[in-house]
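Novice: Need coordinates for the below:
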Amino acid sequence: MTMTLGSFPRLLEPGIRSIFGASYKEHPLYSTRIFETRNSTKNAETSVQITGMGLARRKESGAEITMDNAKQGYSNRVVHTTWALGYRITEEAREDNQYKETIGKLTPMLARSMRTTKEIVGHNLLNRAFNGSYTFGDGVALCSNAHPTEAGNQSNVAAIAADISDAALRAIYYQARQAKDDKGLPIDVSLKNIIAPITKELEIKEILKSSKLVNTNYNNINVWNDGLIKGVICTPYLTSASAWFVQTDVSDGLIMYKRKGLVIDVDTDFLTKDVVVTARERYSHTCNDWRAIYGNAGV
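Specialist: Model prediction:
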């Protein structure tokens, strides 16, 4: 597809009062706060779980010590994807355009498209978090009540689907704080971020910032004021208006592998003199340890 004189017919005429729609204030990059960025030099990245050991056994006098073993668990593999976009504009369209600043806005618009694409691709892990058709290393959805472990199935999904509220947040807080490793041993998990649709931003601020317990007549202090949750990420890229998540400090959780950073190339077609501008980037998003995210599908 080539931009020609016909692509901007009114811009060939002098006297236009204003030109709009080419530039808007952009959202901050949410995915860089949600995902840990790691550089990659390969076509794909594979991570392997190592399970620990269980509880110690009682040893009777003269009896042998019980042996346990750490071993390999599931593997998680992600292949990097190349995302690209470009535009072509004829020499005549450039020459006859009466508003040269418009042409200069095309490449920033291309870069904006690339940034937005990366945000959507990353957020798709959360948008599909409850969908069993999209799985990771352990073979179930990112947020599931049936993550297989040596200690039996474990869950990182709320037992009761509910819109975000003080009560629902408390439930998922205690669920995350009672997390166990693959052998069923308790692990210390802290809550890092609430991740929710942008339409829940005001409700979340009320829950976290009220001086007293929100939406009640009681005089209880608001426990969330103590910094039990470090940050709030209300993002427009979540497709569900009701689903929300709590991200924890568990390592090797949500990861973005950067294989090739954004590259914008500009060239001129020798025969047509069209200017061709292309943008290309290569990356992947994944989650190794599901304990890094707890989800509530909402209602």
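Novice: Quick check: K71 touching M53?
Specialist: No - K71 lies out of contact with M53 (Cβ atoms under 8 Å); the separation is 9.7 Å. All C-beta spots, glycine's among them, are computed from the backbone N, C-alpha and C.
Novice: Which elements pack onto the lengthiest strand in the chain?
Specialist: Assignment by DSSP state E gives strand 254-268 as the longest strand of the chain. Other elements packing on strand 254-268 under the criterion 3 or more Cβ pairs under 8 Å, 6 or more residues apart in numbering; DSSP states H and E are strand 36-39, helix 106-127, strand 275-287.
Novice: quick one: it to helix 106-127, angle?
Specialist: If you take axes from the mean of the first three to the mean of the last three Cα atoms, to 10 degrees, strand 254-268 sits at 160 degrees to helix 106-127.
Novice: W290 is in contact with A179, correct?
Specialist: No - using Cβ under 8 Å as the test, A179 is too far from W290 to be in contact (10.0 Å).
Novice: Next, the buried residues of stretch 254-264.
Specialist: Across stretch 254-264, burial judged by 16 or more other Cβ atoms under 10 Å covers L254, I255, M256, Y257, R259.
Novice: May I see those residues organised as TSV, with pLDDT added?
Specialist: Converted to TSV, the buried residues of stretch 254-264 look like this (pLDDT from 0 to 100):
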residue	pLDDT
L254	97
I255	98
M256	98
Y257	98
R259	98
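Novice: List just the nearest of those to A129.
Specialist: Top of the list for closeness to A129, among the buried residues of stretch 254-264 and by Cβ to Cβ, is L254 at 10.7 Å.
Novice: count of residues packed around S61?
Specialist: Neighbour count for S61, taken as other Cβ atoms under 10 Å: 4.
Novice: Number of residues surrounding the residue lying closest to W290 once chain neighbours are set aside?
Specialist: Distances taken as Cβ to Cβ, 6 or more residues apart in numbering place N156 nearest to W290, at 5.2 Å, with adjacent residues excluded. By the criterion of other Cβ under 10 Å, N156 has 26 neighbours.
Novice: Tell me the strands beside the longest strand of the chain, with direction?
Specialist: strand 36-39 (parallel), strand 275-287 (antiparallel) (DSSP bridges).
Novice: who touches the shortest one?
Specialist: Counting contacts by Cβ atoms under 8 Å, 6 or more residues apart in numbering, the residues outside strand 36-39 that touch it are E45, G253, L254, I255, M256, Y257, K258.
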